[in-house]
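Peer 1: For reference, the sequence and a predicted model appear below.
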Amino acid sequence: MKEIFLDNYSLLTHIVESLAAGIGLLYYKKYKHSTARYFIVFLVYVAICDFLGAYSILIDQNKGLSFLKGTLIEKNYWWYTLFWKIGAILFFAYYYRKVIKSKKFKTVLKFSAYGFLTVSLCQIILKWESFFTGYFPIISVLGAIIVLLCTCFYFIEILNTDKILSFYKSVNFYITSSIFIWWLILTPLVFFDIYGAYEVNSPFRDNEYLVLRRYIYLFANLFLYLTFTFALIWCRPEKN
């Protein structure tokens with residue numbers, strides 16, 4: 001059973017991502033007048049970018065991209081840093097500025113996003129080689145803080161309005177709850193990435209840590225995208 005999950009880690013992840021994106025497109029008409037339409041576009045973006053990020057498999061298995069072996073982009077850390085570690089955080093800051101009503105909360109998210117982007121770009125520029133061999137803990141931690149702000153602001157507004165009476169019917173409630181749990185689980189892993197850090201032409205990494213990390217990511221991703229899928233099907237749209 002363990003081998004099945006490990007051998008099909010990427011496939012299972014792509015399946016649930018594509019499922020969530022496909023369901024989102026299928027139900028787009030239902031949500032086209034709500035903020036959830038932006039989230040559906042984001043799900044499609046994630047599915048496409050994650051698929052493109054799988055290019056490293058074609059290098060490791062000496063297939064079509066084997067000529068990239070030994071180059072800076074042999075591993076896809078740089079890609080996931082840009083599209084997920086930075087891109088996803090900026091999207092969530094934008095999305096929750098659409099969802100929440102408080103001008104104060106919106107302002108905090110706006111300037112937090114600007115600050116996050118500035119720090120992220122500085123980290124990449126100052127530690128250029130590390131950009132290709134691992135993830136930046138500071139980017140992951142600051143990103144988690146912004147996600148925490150987004151989710152806390154949302155929950156505070158829910159608790160202070162009559163929406164609390166029907167929160168379980170809101171797609172944004174499930175989106176918020178699942179990303180909060182996902183980031184809470186995975187953010188601490190960045191402090192252990194030293195055991196899986198990659199160096200060009202150096203194959204020596206802690207394989208036991210990499211296996212554990214893969215399990216955690218797999219089940220966290222299954223939880224995240226299956227929750228999104230359920231929410232898009234079951235919930236009712238909230239009109240702006």
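Peer 2: Yep, that arrived. Numbers count the residues shown, from 1 in each chain.

Peer 1: Most remote residue from the middle of this structure, which is it?
Peer 2: Most distant from the centre of the chain: residue 162, at 30.2 Å, with distances by CA atoms, centre = their mean.

Peer 1: which residues touch the host helix or strand of residue 149?
Peer 2: Here residue 149 sits within helix 137-159, counting by DSSP states H and E. Residues outside helix 137-159 that contact it (CB atoms under 8 Å, 6 or more residues apart in numbering): 81, 85-86, 88-89, 92-93, 95-96, 99-102, 105, 108-109, 112-113, 116, 119-120, 123, 163-164, 167, 172-173, 176-177, 179-180, 183-184, 187, 190-191, 193. C-beta here means a position set from N, CA and C on the backbone, and glycine is covered the same way.

Peer 1: just the buried members of these?
Peer 2: When burial is judged by neighbour count using 16 or more other CB atoms under 10 Å, the buried members of the contacts of helix 137-159 are 81, 85-86, 88-89, 92-93, 95-96, 99-100, 105, 108-109, 112-113, 116, 120, 123, 167, 172-173, 176-177, 179-180, 183, 187, 190, 193.

Peer 1: which ones among those residues are found in helices?
Peer 2: In helices, judged by DSSP state H, the following of the buried ones among the contacts of helix 137-159 are found: 88-89, 92-93, 95-96, 99, 105, 108-109, 112-113, 116, 120, 123, 172-173, 176-177, 179-180, 183.

Peer 1: buried residues in the longest helix seen in the chain?
Peer 2: Taking DSSP H as the criterion, the chain has its longest helix at helix 207-234. Neighbour counts over helix 207-234 (16+ other CB under 10 Å) mark 213-214, 217-218, 220-221, 224-225, 227-229, 231-232 as buried.

Peer 1: likewise stretch 124-143?
Peer 2: 124, 130-136, 139-140, 142-143.

Peer 1: quick check, nearest of these to residue 42?
Peer 2: residue 143 (15.1 Å; CB to CB).

Peer 1: any idea how far that closest one lies from residue 131?
Peer 2: Computed as CB to CB, to the nearest Å, the residue 143 to residue 131 distance reads 15 Å.

Peer 1: ditto for residue 38
Peer 2: Separation of residue 38 from residue 131 (CB to CB): 28 Å.

Peer 1: Now do the contacts for the residue farthest from the centre of the chain.
Peer 2: So residue 162 contacts nothing (CB under 8 Å, 6+ apart).

Peer 1: Could you measure from it over to residue 97?
Peer 2: 22 Å.

Peer 1: Ok, residue 114 next?
Peer 2: Applying CB to CB, the value for residue 114 to residue 97 is 12 Å.

Peer 1: Among those two, which residue is more densely surrounded?
Peer 2: residue 97 (18 against 12; other CB atoms under 10 Å).

Peer 1: before we move on, the earlier item: from the buried residues of stretch 124-143, which is closest to residue 28?
Peer 2: residue 143 (27.3 Å).

Peer 1: and the nearest residue to residue 236 once chain neighbours are set aside, how many neighbours?
Peer 2: Excluding its sequence neighbours, the residue lying closest to residue 236 (CB to CB, 6 or more residues apart in numbering) is residue 169, at 5.5 Å. Applying other CB under 10 Å, we find 14 residues neighbouring residue 169.
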